[in-house]
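Colleague: model this:
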Amino acid sequence: MWADGGFRAGVIYDRSRLCAGDLIVGPAIISEMDSTTVILAGHQGAVDAFGNIMINPV
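Modeller: Residues are numbered from 1 along each chain as shown. Now for the predicted structure:
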């Protein structure tokens, strides 16, 4: 993926397969039918009990 001015190795996740408690460390792409979420390096996403992805710096 292209981020921070260069190509970065990242993981692609299927949003429908994420569960509460999952932790996604950036760089990562989360793909779903109608949107795409990007988590940059230095950030992580945590899936909460409602299925929201809370993205914060680490």
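Colleague: so how far is residue 57 from residue 32?
Modeller: Separation of residue 32 from residue 57 (CB to CB, to the nearest Å): 23 Å. Any C-beta I mention is one placed from the backbone N, CA and C, and that applies to glycine too.
Colleague: more neighbours, these two?
Modeller: For residue 32 versus residue 57, neighbours defined as other CB atoms under 10 Å are more numerous around residue 32 (12 against 8).
Colleague: that one contacts residue 17, correct?
Modeller: No - in this structure, residue 32 is not within contact of residue 17 by CB atoms under 8 Å, at 10.1 Å.
Colleague: tell me where this structure has strands.
Modeller: Listed in chain order, the strands of the chain (DSSP state E) span 2-3, 6-7, 11-14, 23-25, 28-32, 35-39, 43-47, 53-57.
Colleague: TSV for those strands, including mean pLDDT?
Modeller: Listed next are these as TSV, based on pLDDT from 0 to 100:
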stretch	mean pLDDT
strand 2-3	86
strand 6-7	91
strand 11-14	97
strand 23-25	98
strand 28-32	97
strand 35-39	96
strand 43-47	98
strand 53-57	98
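Colleague: show me the contacts for residue 51.
Modeller: By CB atoms under 8 Å, 6 or more residues apart in numbering, residue 51 lies in contact with 18, 20.
Colleague: pLDDT value on it, please?
Modeller: Predicted confidence (pLDDT) at residue 51: the value is 95.
Colleague: use 92 as the first number for this chain going forward.
Modeller: Sure, I'll start counting at 92 from here, so that last one is residue 142.
Colleague: contacting residues for residue 104?
Modeller: Contacts for residue 104 (CB under 8 Å, 6+ apart) come out as 115, 119-122.
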